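> sequence below, structure please.
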Amino acid sequence: MKIVVTTCRAYAHLLDDFDFLFKKFWGVPYEVIGADNDDGLSGYSDNLIAGLRDLTDEFVILLHEDFYITEPVDHARILRLREFAKENGMDRVSLQCIKDGYEGFVTSLGDRLYKVNEGFQYIASFEASIWNRETLLRILFPREDPWQTELRCSSRNPTFNAVIPEIPVLIYHDARIHGQERIRVIDGSFHKLTGEDANGPIWEDLGVKRANYVPGSIEFYEHRLRVAKANGEDEREAVWASNPDDYRRVECETKQILARYLKPGMSLLDAGCGIGELSECLPDGVMYTGVDFVNGFIDEARKRYPEKQFFVRNLLNLTYSPDLFDFAVCRHVEGTMGQDWPQAEKELLRVAKTLLVMRAGDKPGDTLASLVIKGEQP
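Have a look, this model is predicted:
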């Protein structure tokens, strides 16, 4: 049973905290389906329809990127509810708790469930739920946002079968309600907006600490790659440490320098290779190896360039012999490594005879380049 998480450009930034909490309290794989339009959520249904058609599961769990889980998830209970849905022909099983509009009955699974009343306005609520995938595809109409689909579902499906548990299965808080921020990190901990007094908003500590995604960290880049894919963007945007114009300029100048120095039969180490796009524009006969510390980048690079070699490596401790490579190139990395850069530079000069370091300068349009050739004075 796939877990599907929906998002759009307006809310994709919430995936940082969603992912942190999801891994902490659930810890199973999930898939992101994103709206690639710029005009809010009007493309929500289109992208969800396309994503669901690519799946084969009879049931899926549907979540939004602003569902911030704050307590451990009972995996076994979710599986029991899926079996109940399958055996009883359910269209939707909510993972929330009892609300108005439902009538109760007891299942043989030990859960007290409430059946939705026919004609209830939110019979197809997009709260966290187990859905019959075919039902979900049937109720989704093109160019609708989630609220439009919820409100129009009753008239489309008068015999819709849905149940909701008396005790919630998934404890989560909406990070946004009608666009208003409801959850934020304060002093390293998640807080929920509970009201307002004369001093301003009142934030209640939920007791969940947040390990921040530090720019330049593995988690930071994994998130950028995931969001780029969800939004249908070029995955290279997830690699860019500077703005796109700086990135393109540095890449162009890097290729020009490499074209002057690299000869057929030479070996090149691309340190911090990202998704490996440099490998496609090298002089003929150059033996290429790409390394990066982000698993997601290496996975993507191997898919794009299966004939090239890519490995997950830490630049602070490269597992290569001295002078194994004729040339090493490092772009956009120096600034993200901070105080660790001198050690990384030393390690690169250990394994390569020549090192080219490229990055954008502090002034617009500037590029900083450093070429070190062993045995030559700087």
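> from here on, just use CA atoms for contacts and neighbour counts.
Will do.
> helices of the stretch 151-300 of the chain, start to end?
Counting by DSSP state H, counting those that start in this stretch, the stretch 151-300 of the chain has helices at residues 218-230, 244-261, 295-304.
> my guess is Glu204 meets His191, correct?
Yes: judged on C-alpha atoms under 8 Å, Glu204 makes contact with His191 at a distance of 5.1 Å.
> those two - which one has more neighbours?
Neighbours per residue (other C-alpha atoms under 10 Å) separate Glu204 from His191, with His191 holding more: 20 against 15.
> nearest residue to the more buried one in space, please, no chain neighbours.
The spatially closest residue to His191, leaving aside those adjacent along the chain, is Asp205, at 4.4 Å (C-alpha to C-alpha, 6 or more residues apart in numbering).
> grab the nearest non-local neighbour of Trp341.
Glu334 (5.8 Å).
> ok, the one you found - contacts?
Trp341, Val357, Arg359 (C-alpha atoms under 8 Å, 6 or more residues apart in numbering).
> out of those, who's nearest Arg152?
Arg359 (52.6 Å; C-alpha to C-alpha).
> and the host helix or strand of that closest one, what does it pack against?
For Arg359, the element it lies in under DSSP states H and E is strand 354-360. In terms of contacts (3 or more C-alpha pairs under 8 Å, 6 or more residues apart in numbering; DSSP states H and E), strand 354-360 is packed against helix 244-261, strand 327-331, helix 334-337, strand 367-373.
> make it 7 Å
Here strand 354-360 touches helix 244-261, strand 327-331, strand 367-373, going by 3 or more C-alpha pairs under 7 Å, 6 or more residues apart in numbering; DSSP states H and E.
> most packed of the helices of the stretch 151-300 of the chain?
Across the helices of the stretch 151-300 of the chain, averaging neighbours per residue (mean count of other C-alpha atoms under 10 Å) puts helix 218-230 on top, at a mean of 20.
> rounded mean pLDDT for that one, please.
Helix 218-230 carries an average pLDDT of 70.
> got the contact list for stretch 189-203?
Arg182, Ile183, Arg184, Val185, Glu204, Asp205, Leu206, Gly207, Val208, Lys209, Arg210 (C-alpha atoms under 7 Å, 6 or more residues apart in numbering).
> let's see 10 Å
Stretch 189-203 is touched from outside by 17, 21, 68, 70, 173-175, 180-186, 204-212, with contacts defined as C-alpha atoms under 10 Å, 6 or more residues apart in numbering.
> out of those, which end up buried?
If you count burial by 16 or more other C-alpha atoms under 10 Å, the buried members of the contacts of stretch 189-203 come out as Asp17, Leu21, Tyr68, Thr70, His173, Asp174, Ala175, Arg182, Ile183, Arg184, Val185, Asp205.
> and the last one, how far from Val185?
Asp205 sits 9 Å away from Val185, going by C-alpha to C-alpha, to the nearest Å.
> also Arg9?
Using C-alpha to C-alpha, Arg9 is found at 21 Å from Val185.
> tell me the least confident of the contacts of Glu334?
Lowest pLDDT among the contacts of Glu334: Arg359, 87.
> just checking, Ala124 touches Thr149?
Yes: using C-alpha atoms under 10 Å, Ala124 makes contact with Thr149 at a distance of 7.9 Å.
> how about the contacts made by the closest residue to Leu140 other than its chain neighbours?
Of all residues not flanking Leu140 in the chain, Ser45 sits nearest, at 6.0 Å (C-alpha to C-alpha, 6+ apart). Residues near Ser45 by C-alpha under 10 Å, 6+ apart: 6, 35, 51, 137, 139-146, 148-149.
> run the last query once more with 8 Å
Residues near Ser45 by C-alpha under 8 Å, 6+ apart: Leu140, Phe141, Pro142, Arg143, Glu144, Asp145, Pro146.
> just the buried ones out of those, please.
Buried among the contacts of Ser45 by 16+ other C-alpha under 10 Å: Leu140, Phe141, Glu144, Asp145, Pro146.
> could you dump these to TSV with pLDDT, secondary structure and distance to Ile61?
Shown next, in TSV, are the buried ones among the contacts of Ser45 (pLDDT from 0 to 100; DSSP: H, G, I helix; E, B strand; the rest coil; distance: C-alpha to C-alpha, whole Å):
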residue	pLDDT	secondary structure	distance to Ile61
Leu140	87	coil	15
Phe141	86	coil	19
Glu144	82	coil	20
Asp145	78	coil	18
Pro146	76	helix	15
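> ok, back up a step: checking the residue nearest to Leu140 next. Helix, strand or coil?
Secondary structure, DSSP: H, G, I helix; E, B strand; the rest coil: Ser45 is helix.
> Trp131 now?
Trp131 - assigned by three-state DSSP - is strand.
> for beta bridges, what are the partners of it?
The partner list for Trp131 in beta bridges (DSSP bridges) reads Val60, Arg92.
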